[in-house]
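Visitor: Sequence first, predicted model second:
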Amino acid sequence: MLIETLDTARDLGRLKEILGVMVRHGFGDTVRRLGLADRLERAGQALNWTHAADLARVEPPVQVRLALEELGPAFVKFGQILAGRADLFGPEWIAEFEKLHSQVPAVPIDALRPQLREDLGAEPEAVFAWFDTTPLAAASIAQVHRARLQDGSEVIVKIRRPGIADTIQADLRLLQRLAALAEAELPALKPYRPQQLVREFARSLRRELDLAGECRQAERIATNMAAQPHIVIPRVHWAYTRERINVQDFIDGTPGGALAALTPEAGFDRTVLAQRGAQAVLQMIVKDGVFHADPHPGNVFYLPGNRIAFIDFGMVGRLSQRRRDELLQLLLGLVEHQPQAVADVLLDWTGDAQGLNLGQLETEIEAFVDQYHGVPLAQLSLGQMLADVTAILREHHLGLPSDLALLIKAFISLEGMGRNLDPDFHMATEALPLLKQVVRARYEPKVLAGRAWSTLRRALATVEQLPDDIGRLLRNARRGHLQVGIELAHLKRVGDQIDRSANRLAMALVIAALIIGSSIVMTVKGGPTLFGLPAFGFLGFFGAVVCGLWLVRAIWRSSHHRDDD
């Protein structure tokens, strides 16, 4: 049970706070169906149901977004992750999740100084030639200050908020347990894979807490982009970088959202900027397998000479070689109108799903791709095509692996930025030459020979281990040690129901004993009286009535909950 497995008293208080926010924002029925309100009461906590219907007229996506904002940094970040899961949520949900932002009041510099002294070894004013105590920006996990090194380099100092790691770890523990409970008790949530979503989110958020890890990701991408001098990645100053602080070059350029400033008079060519940005991100995705997963305007700056700077590598996507091969097949299938190739890749990605109508899904995908047959390449919107494909998967309750959902979000964001820069920008036109180049490179004789040798080695290793595996299996069979795993998803729930039934049966026996005992006491003469009746007999009957009412109420509530389910 969730309540009994909480690690600390603080977790119990935080759980009460989370459930209170859910009740205030119109999710009281969900709290009741999960049984959490009753369990909190048994743990000595109680929820306030007074304002449970205050937001009843607000649409569910808005209710969820407001609740996430109120719950704090971890939940805001969770909502931002969900904004990239168009394969699981409809457009109205995605629109609300995208409104979530991490802008919060900055931590006063005096509250940061103990942590800064510990990480830097001295006061920031002693380490840097100049340190601005007023933050340049503040978010839920970290805030940024400008500074100048002793050699005159202009830098930014990104500082993690004190205590934020402990707060987030506690929230992650609760989220993981709530997700497990929701998946077991609310079958309607199963298509959304709550436990898997929370696991992916926890991994992403823990990486984001490591500010030194963010810098390692930035340097890896900078190395991959070395052949493109027009792409700028801020240099990391490792002498000052730790898990809770990092120092990078300050980028002095035009923010990605300030499109009005990108004029020919200022030395900018929007068409060139759109092409270079697309080629850079496509290289990250298709060739390198490591890409900036959140290329929105706030993370992009335009520099003189039509250069583009990417910042904030807290969220980075990774694609294995196999994933990149599948992605190439999918993108080429979309661009070159090969519906069967698209269907094959998507079915591999989504895996086997219970109750899936495979024939219908294949037919819908083939019809979708075939509708673009004969459409000129320059008129294709690759981002919109990917969004439509995810909508088809969502209708069939199929979800994409997290790395691919992140990738599709990056594609859609990138194409939107390109269109804002240049209305005539077409992602498909930019992508096709690179896709064909990568495909040709994969079938060069040297590459084919390397893959064949690798496959042969794995096959030989498998054959070599086969006799041992078969021998181990037969020995276990002779000894009767073969094990078969059977998963009973609702066994714990059945056990809880049996436990409650046994408690009620015991209470019924106690009530019967009170009634019989009190009846016998009533026939005994003498002794203290109450209202003219033997006192002990009267108290016995009164106790039996109270216990009986409690038992009737418990049975009624249990039946009522079953009817709601």
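Guide: The structure has been received and is ready for your questions.
Visitor: Where does pLDDT dip in the stretch 201-350 of the chain?
Guide: Applying pLDDT under 70 to the stretch 201-350 of the chain flags the ranges 350.
Visitor: what about Gln279, neighbour count?
Guide: Look at Gln279: counted by other CB atoms under 10 Å, it has 17 neighbours. Quick note: C-beta positions are derived from backbone N, CA and C, even for glycine.
Visitor: who's in contact with it?
Guide: Gln228, Glu430, Leu434 (CB atoms under 8 Å, 6 or more residues apart in numbering).
Visitor: Could I get the full set of strands for the stretch 201-350 of the chain?
Guide: All strands of the stretch 201-350 of the chain, identified by DSSP state E, counting those that start in this stretch, fall at 231-232, 245-249, 254-255, 290-292, 300-303, 307-310, 316-318.
Visitor: mind putting those in a markdown table, distance to Arg146 included?
Guide: A markdown table is the format used below for these (distance: least, CB to CB, whole Å):
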| stretch | distance to Arg146 |
| --- | --- |
| strand 231-232 | 18 |
| strand 245-249 | 11 |
| strand 254-255 | 15 |
| strand 290-292 | 23 |
| strand 300-303 | 15 |
| strand 307-310 | 16 |
| strand 316-318 | 24 |
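Visitor: Can you verify my assumption that Met417 contacts Asp294?
Guide: No: with contact defined as CB atoms under 8 Å, Met417 does not count as touching Asp294 (11.7 Å).
Visitor: Identify the residue nearest the geometric centre of this protein.
Guide: Nearest to the centroid of the C-alpha atoms of the chain, with distances taken as CA atoms, centre = their mean, sits Phe201, at 3.3 Å.
Visitor: In this structure that residue contacts Phe78, no?
Guide: Yes: taking CB under 8 Å as the definition, Phe201 is a contact partner of Phe78 at 5.3 Å.
Visitor: who touches both of the two?
Guide: Contacts common to Phe201 and Phe78, judged by CB under 8 Å, 6+ apart, are Leu175.
Visitor: Can you pull out the low-pLDDT segments for the stretch 401-550 of the chain?
Guide: Residues of the stretch 401-550 of the chain that meet the cut-off, pLDDT under 70, sit at 402, 442-443, 447-448, 451, 480-497, 524-527, 530-532, 536.
Visitor: tell me the helices in it, going along the chain?
Guide: 402-421, 427-442, 445-478, 491-522, 535-564 (DSSP state H, counting those that start in this stretch).
Visitor: from the ones you listed, which stretch is densest packed?
Guide: Of all the helices of the stretch 401-550 of the chain, helix 402-421 carries the top mean neighbour count, a mean of 21, counting by mean count of other CB atoms under 10 Å.
Visitor: Helix 427-442 and that one, what's the angle between them?
Guide: 130 degrees (axes from the mean of the first three to the mean of the last three CA atoms, to 10 degrees).
Visitor: Run the chain-centre distance for helix 402-421.
Guide: The chain centroid and the centroid of helix 402-421 are separated by 17 Å, computed with CA atoms, centre = their mean, to the nearest Å.
Visitor: May I have it as CSV, with CA atoms only?
Guide: These are the backbone C-alpha positions of helix 402-421, laid out as CSV (Å, rounded to 0.1, in the frame of the first residue of the first chain):
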residue,chain,number,x,y,z
SER,A,402,10.3,8.0,-25.4
ASP,A,403,13.4,8.7,-27.5
LEU,A,404,11.3,8.8,-30.7
ALA,A,405,8.6,11.0,-29.1
LEU,A,406,11.3,13.5,-28.2
LEU,A,407,12.6,13.3,-31.7
ILE,A,408,9.3,14.0,-33.3
LYS,A,409,8.8,17.0,-31.0
ALA,A,410,12.2,18.3,-32.0
PHE,A,411,11.3,17.9,-35.7
ILE,A,412,8.0,19.8,-35.3
SER,A,413,9.7,22.6,-33.4
LEU,A,414,12.5,22.9,-35.9
GLU,A,415,10.2,23.1,-38.9
GLY,A,416,8.1,25.7,-37.1
MET,A,417,11.2,27.8,-36.5
GLY,A,418,12.2,27.4,-40.1
ARG,A,419,8.9,28.6,-41.4
ASN,A,420,8.9,31.6,-39.0
LEU,A,421,12.3,32.6,-40.5
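Visitor: other SSEs contacting that helix?
Guide: helix 270-282, strand 290-292, strand 316-318, helix 321-335, helix 382-395, helix 427-442 (3 or more CB pairs under 8 Å, 6 or more residues apart in numbering; DSSP states H and E).
Visitor: List the neighbouring strands of the second one plus their orientation.
Guide: In the sheet containing strand 290-292, the strands it pairs with under DSSP bridges are strand 316-318 (antiparallel).
Visitor: Now find how far off-centre the strand it pairs with is within its chain.
Guide: With CA atoms, centre = their mean, you get 14 Å for strand 316-318.
Visitor: for stretch 196-216, same thing?
Guide: Between the centre of stretch 196-216 and the centre of its chain there are 10 Å (CA atoms, centre = their mean).
Visitor: for stretch 76-84, same thing?
Guide: The answer for stretch 76-84 is 6 Å, by CA atoms, centre = their mean.
Visitor: Give me the secondary structure label for the nearest residue to Phe128 once chain neighbours are set aside.
Guide: In space, and not counting its chain neighbours, Phe128 is closest to Ala147: 4.3 Å by CB to CB, 6 or more residues apart in numbering. Here Ala147 is recorded as strand under DSSP: H, G, I helix; E, B strand; the rest coil.
Visitor: you'd agree Ala147 is up against Val157?
Guide: Yes: contact criterion CB under 8 Å: Ala147 and Val157 qualify, at 5.0 Å.
Visitor: So which of the two has more stuff around it?
Guide: Neighbour count, other CB under 10 Å: between Ala147 and Val157, Val157 has more, with 28 against 22.
Visitor: tell me the pLDDT at the more buried one?
Guide: Among the per-residue scores, Val157 holds a pLDDT of 96.
Visitor: Pretty sure it sits against Val247.
Guide: Yes: counting by CB under 8 Å, Val247 is a contact partner of Val157 at 5.4 Å.
Visitor: what touches both of these two?
Guide: In terms of CB under 8 Å, 6+ apart, Val157 and Val247 are both contacted by the residues Ala147, Tyr240.
Visitor: Kindly reformat the helices of the stretch 401-550 of the chain as TSV containing distance to Lys16.
Guide: As requested, the helices of the stretch 401-550 of the chain are arranged in TSV below (distance: least, CB to CB, whole Å):
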stretch	distance to Lys16
helix 402-421	31
helix 427-442	48
helix 445-478	49
helix 491-522	21
helix 535-564	21
